[in-house]
Every structure is written in structure tokens, then in C-alpha cells.
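> pasting the structure only:
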Ligand SMILES: O=C(O)[C@H](O)[C@@H](O)[C@H](O)[C@H](O)COP(=O)(O)O
């Protein structure tokens, strides 16, 4: 049985759900994603989904099975990445390759609706190019624009978190955590290899309609405790800066929640 707590702080909804196993988490994450797909496909005629790298992709596997594989309107999905490593698309470190091999190749999402970074460019060039791509999609109304912030408002952002509390490629103590103008930026000294990446900035992450933070494993337990427990540490972790305009839901397995 999953344990659920919900809270509304400053008009913002936050839910935390703890699952007995990663398997149970994956079942719930599939239903959550499928329900949002139905809602947004009905309301907007499309569904913008932002992926991370890491273990998240594996946790999406239940979407590849019945009933979702048949019921989801895959042709209305648009896939983007919250962060990407500046490597060729067929490189073992590529988040595109990870998502393609583990998920995208098995669903009928239109190839033209999958927005990978341009891997022929430098980190700066790729970040600028991806921001231009987002601007085009906002103009086409594929991505909504937030009436509150003016930043792009994605329907669903699926985030992982590293043991140090990083999300996307926004690492603890890094100046990029404070970027508040750019939509997409680059990092050349990522503490997690590979060093060169592009990443969405916090204003974009926090303009989202729905954000799921998907976290499994004991290695993440301390950062989860810092973010959700009674920790008084004054250094704010990147994961604590996730505070979307819409709803935030934490999906934790019991190992990740073991210090709560
Ligand atoms: O490209 C990346 O490195 C990711 O997008 C990153 O933000 C990831 O989501 C976390 O590091 C969690 O990774 P794990 O789920 O593998 O712990």
C-alpha cells in the first residue's frame, strides 16, 4: 500500500507518495501519466512531456503494456528533454538514446514530435538552438506559455534526482540554479559526467502544469530527507527549488523515503 500525503502551501499543491517497491511506483506512474495524457489531449489536442535521463526511463515501462499501449493517443504526444548531455545521439551517455532505446522506439509517437538536441553544435550552440526550438513550439501553440511567468508551460515534466539533490543539470551551489532569464542554458563543468550538458532553467521547470519527481533507491534518501524532512540546513538543494505553478507530485520508493 502506498502512503500519500498532500499539502497546499502558498496556493501550490504538493503530494508525496511512498511505494513499497519500484514496481508499484512504476504502475502508479503509468496511470498518472496516462490520466494526464487523456486530460491534455482532450483539452489542448496535444500533450507535452518532458523527460530526464537516469533511471526515470526504466520507471516508465508500464506505459509500454496494456491497457496504456493501446489507450494512449500517442500521436498527440510531444517529447522534449529537461536536460541532455552534449554527445552524439548514438553515444552511450545520450539521454535521447536512453529514452529512444527504452521507451520511444516502442510507442507510435510521431518522429517529428520528438525534439532531440542538435548534436552537431557546441554546448552554447545547442542550448541556444533548443531555446529557439521551444520558442517555435510556443508560437505554434504546441507548448503553452505561462500567463504568470511568460515562460513555456509544459503539461508534464518527469524529473529524476541525483544523490546530491540535483535535478535536470542544475547542481547544488552552481550559479546556473539562479539563471532567471534564459529558457535553456549550458553547463561545461557538470560534477556528474559527462561535463558538458544543456539544461532547462528553474523558471521553465517551475512554470509547468504538472511535475513528477521520481526517486528510487537508498542513495537518494539523505537528499529526500533534506527536502521533505525536518532538516534545518540553510543550503537549499536544487530539488528544493522545484515549485511549479501547477501541481508537484513526489513518487518515492521505500528506500528513497527511508529517512523520512
Ligand atoms: O542527464 C541526467 O543526468 C539526468 O537528467 C539527471 O538529472 C537525472 O535525472 C538524475 O541524475 C537522476 O538520475 P538517476 O535516476 O539515475 O539517479
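Ah, there it is. Keep in mind that this is a model prediction, so the values were computed, not measured.
> what's the least confident helix or strand in the chain by mean pLDDT in contact with?
The least trusted helix or strand in the chain, going by mean pLDDT, DSSP states H and E, turns out to be strand 3-9, with a mean of 74. Contacts of strand 3-9 with the rest of the structure, by Cβ atoms under 8 Å, 6 or more residues apart in numbering, involve 13-18. Placement of C-beta: from N, CA and C, glycine included.
> who wins for most neighbours among those residues?
Among the contacts of strand 3-9, residue 18 has the most neighbours (other Cβ atoms under 10 Å), with 22 neighbours.
> before we move on, back to that, what lines up beside the least confident helix or strand of the chain in the sheet?
Each strand that pairs with strand 3-9, with its direction, by DSSP bridges: strand 12-19 (antiparallel).
> picking that back up, save the contacts of strand 3-9 as TSV, and put in distance to residue 49 and pLDDT too.
Listed next are these as TSV, based on distance: Cβ to Cβ, whole Å; pLDDT from 0 to 100:
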residue	distance to residue 49	pLDDT
13	20	76
14	21	83
15	19	94
16	22	96
17	20	97
18	24	97
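> list the contacts for residue 211?
156-157, 159, 205, 242, 244, 246-249.
> how about 7 Å then?
Under the criterion of Cβ atoms under 7 Å, 6 or more residues apart in numbering, the contact partners of residue 211 comprise 157, 159, 205, 242, 244, 248.
> helices - which of these land there?
residue 205 (DSSP state H).
> nearest to the ligand, of the contacts of residue 211?
Relative to the ligand, the closest of the contacts of residue 211 is residue 159; by Cβ to the nearest ligand atom it sits at 6.4 Å.
> list the beta-bridge partners for the closest one.
Taking DSSP bridges as the rule, residue 159 bridges to residue 213.
> which parts of the stretch 51-200 of the chain are helices?
Secondary structure of the stretch 51-200 of the chain (DSSP state H, counting those that start in this stretch): helices at 56-59, 68-71, 95-102, 123-139.
> in TSV: these, plus mean pLDDT.
Listed next are the helices of the stretch 51-200 of the chain as TSV, based on pLDDT from 0 to 100:
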stretch	mean pLDDT
helix 56-59	98
helix 68-71	98
helix 95-102	98
helix 123-139	98
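> can you list those in a markdown table and add distance to residue 181?
Listed next are those as a markdown table, based on distance: least, Cβ to Cβ, whole Å:
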| stretch | distance to residue 181 |
| --- | --- |
| helix 56-59 | 27 |
| helix 68-71 | 38 |
| helix 95-102 | 24 |
| helix 123-139 | 11 |
